[in-house]
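Q: No sequence on hand, only this structure:
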């Protein structure tokens, strides 16, 4: 005989009063539930909120790296989080190519190491670009030599600085680069069956596309798992908002001034002091529309072409190539007359950097990274307006461009009595 409990009796009476005739059994309620087999070999260590938080952290890392790497290699780059998954370390090492750039990362103050793996195509593209190429990836990847290894190490260290900043809301992470290997099978930071979190990032360097993988073992990240909850992370995010890269959007809107320059050369101080209205600065460079450079701060970044006037005679330039010559060396082979002996006094040995600018344009940091070959920029001056003659970046005179023996020259038409009134030294 089966003895019913008081709860079962109450459930039976309720069902009879409702006219169901037969109470629902507990077994039928289980049929509507989703049941899965627990995998003892691959226990779930990272839950949805952990994965969401890690995804947000590395989205910020991607935005930071997009800006920093584009600046380092002077080529438009982009990074995007493709996926964040849990798997075993053995599965991770089997899915990456060999050879590849396989860097061990010390995750101090956390215990243990992580892995940063960079696709061979991305690695070779970065190396080619830094060595003066166009950023084209090699067909086959090879072992890193003594020249290539320091280049990749520098790039990885820069990425780790971004990792440190993006993890600042969770802990003061101080990642450090260890060894760089090319065969993943030779690197064992945890047992093969140990669960890891794998962050896969889609990277694009110029026209080259590839993957960057960041592998963090569960044993390493376990002490801070509680801090990876959405509640903790977003709460800390608001506290640190002024210091976080969440303000990256506003930083991309910071305006910077870029100048179109046709001359940059050092002249003796005494010679410059004798310049006055009507003074003719001797031939500067060959007579060519291509002899113009787009300058940002103290660096010439692009060689430009001066375009014909149009639309209300606005001065325009067309970006045609990267600046090949080092800053300040243009036209050094031309002879410059010296009106004073260099031995007269010590002042004669001093030099002033003279630059002549067609005009300038104000762009945001974000817009600067979009400049490439074929970009046309409108300057802030009209055709026929005087060019600016600057000494060590300070505007001190206006001039007109002339032609002397098939070379460009500049005739000073106005000397500023108070240089500060015309323009102060620019800062990038």
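A: Everything's here; your move. Note that the structure is predicted; figures quoted are calculated from it, not measured.
Q: Next secondary structure after the longest helix along the chain?
A: Taking DSSP state H as the criterion, the chain has its longest helix at helix 48-73. Downstream of helix 48-73, the next assigned helix or strand under DSSP states H and E is strand 77-88.
Q: Work out the gap between that next one and the centre of the chain.
A: In terms of C-alpha atoms, centre = their mean, to the nearest Å, the centre of strand 77-88 is found 18 Å from the chain centre.
Q: Who does it pair with, and is each partner parallel or antiparallel?
A: strand 195-205 (antiparallel) (DSSP bridges).
Q: Just the buried residues of the strand it pairs with, please?
A: Buried positions in strand 195-205, judged by neighbour count with 16 or more other C-beta atoms under 10 Å: 195, 196, 197, 198, 199, 200, 201, 202, 203, 204, 205. All C-beta spots, glycine's among them, are computed from the backbone N, C-alpha and C.
Q: so what's the first one up against?
A: Pointing back at residue 195 there. 42, 43, 45, 46, 86, 87, 88, 89, 217, 218 (C-beta atoms under 8 Å, 6 or more residues apart in numbering).
Q: State the pLDDT value of residue 110.
A: pLDDT recorded at residue 110 is 90.
Q: Look at the residue nearest to it when sequence neighbours are not counted and report its pLDDT.
A: Nearest non-adjacent residue to residue 110, counting by C-beta to C-beta, 6 or more residues apart in numbering: residue 220, 5.2 Å away. In this model, residue 220 is scored at 90, pLDDT.
Q: List the contacts of the helix or strand harbouring residue 220.
A: Residue 220 belongs to helix 218-221 when assigned by DSSP H and E. Outside helix 218-221, the residues that touch it by C-beta under 8 Å, 6+ apart are 45-46, 107, 110-114, 190, 194-197, 228.
Q: what's the spacing between that helix and its chain's center?
A: Helix 218-221 sits 29 Å away from the centroid of its parent chain (C-alpha atoms, centre = their mean).
Q: Ok, stretch 48-55 next?
A: That offset, for stretch 48-55, works out to 24 Å (C-alpha atoms, centre = their mean).
Q: Compute the mean per-residue pLDDT across that stretch, please.
A: pLDDT averaged over stretch 48-55 gives 86.
Q: where do the strands sit along the stretch 1-150 of the chain?
A: Here the stretch 1-150 of the chain has its strands, by DSSP state E, counting those that start in this stretch, at 77-88, 101-106, 113-118.
Q: now for those, which one comes closest to residue 288?
A: strand 77-88 (32.1 Å; C-beta to C-beta).
Q: Show me which positions of the closest one end up buried.
A: Under the neighbour-count criterion of 16+ other C-beta under 10 Å, strand 77-88 has 77, 78, 79, 81, 84, 86, 88 buried.
Q: Figure out which of the strands of the stretch 1-150 of the chain is closest to residue 267.
A: That would be strand 77-88 among the strands of the stretch 1-150 of the chain, by C-beta to C-beta, at 39.4 Å.
Q: Residues touching that closest one, excluding its own?
A: Around strand 77-88, the neighbours that count as contacts under C-beta under 8 Å, 6+ apart are 42, 44-46, 51, 54-55, 58-59, 61-63, 65-66, 69-70, 192-206, 211-212.
Q: could I get the buried residues of strand 195-205 as JSON lines with distance to residue 369 and pLDDT?
A: What follows is those, written out as JSON lines (distance: C-beta to C-beta, whole Å; pLDDT from 0 to 100):
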{"residue": "195", "distance to residue 369": "38", "pLDDT": "90"}
{"residue": "196", "distance to residue 369": "34", "pLDDT": "91"}
{"residue": "197", "distance to residue 369": "31", "pLDDT": "92"}
{"residue": "198", "distance to residue 369": "29", "pLDDT": "93"}
{"residue": "199", "distance to residue 369": "24", "pLDDT": "93"}
{"residue": "200", "distance to residue 369": "24", "pLDDT": "93"}
{"residue": "201", "distance to residue 369": "19", "pLDDT": "94"}
{"residue": "202", "distance to residue 369": "18", "pLDDT": "94"}
{"residue": "203", "distance to residue 369": "16", "pLDDT": "92"}
{"residue": "204", "distance to residue 369": "13", "pLDDT": "91"}
{"residue": "205", "distance to residue 369": "13", "pLDDT": "89"}
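Q: Please identify which of those is nearest to residue 148.
A: residue 205 (15.2 Å).
Q: Could you pull up the residues touching the closest one?
A: The contact partners of residue 205, by C-beta under 8 Å, 6+ apart, come to 69, 73, 75, 77, 122, 125, 126, 129, 135.
Q: partners of it in the sheet?
A: On the basis of DSSP bridges, residue 205 is bridged to residue 77, residue 208.
Q: shift numbering so it begins at 29
A: Yes, from this point I'll number from 29; that puts the last item at residue 233.
Q: any idea how far it lies from residue 135?
A: Residue 233 is 26 Å from residue 135, where distance means C-beta to C-beta, to the nearest Å.
Q: Also residue 222?
A: 15 Å.
Q: And residue 323, by the same measure?
A: 42 Å.
Q: Residue 108 now?
A: For residue 108, the distance to residue 135 equals 23 Å [C-beta to C-beta].
Q: what residue lies at the spatial centre of this structure?
A: In the chain, the residue lying closest to the centroid (C-alpha atoms, centre = their mean) is residue 95, at 2.1 Å.
Q: where does it land on pLDDT?
A: Note on residue 95: pLDDT of 88.
Q: Then residue 202?
A: 91.
Q: repeat for the one 5 residues further on
A: Model confidence at residue 207, given as pLDDT, is 87.
Q: likewise the one 3 residues further on?
A: If you check residue 210, the pLDDT there is 81.
Q: same check, this time on residue 54
A: Looking at residue 54, its pLDDT stands at 44.
Q: Which parts of the stretch 279-428 of the chain are helices?
A: For the stretch 279-428 of the chain, the helices defined by DSSP state H, counting those that start in this stretch cover 297-301, 393-396.
Q: Out of those helices, which gets nearest to residue 181?
A: So among those, helix 393-396 is nearest, using C-beta to C-beta, at 26.8 Å.
Q: List the buried residues of the closest one.
A: Buried residues in helix 393-396, counted by 16+ other C-beta under 10 Å: 395, 396.
Q: pLDDT of stretch 281-299, averaged?
A: 78.
Q: which parts of it are buried?
A: The neighbour-count check on stretch 281-299 (16+ other C-beta under 10 Å) flags 284, 286-293, 295-299 as buried.
Q: ok, the nearest residue to residue 251 once chain neighbours are set aside - contacts?
A: Distances taken as C-beta to C-beta, 6+ apart put residue 138 closest to residue 251, at 6.4 Å, once the chain neighbours are dropped. Residue 138 makes contacts with 199, 201, 248, 249, 251, 252, as judged by C-beta under 8 Å, 6+ apart.
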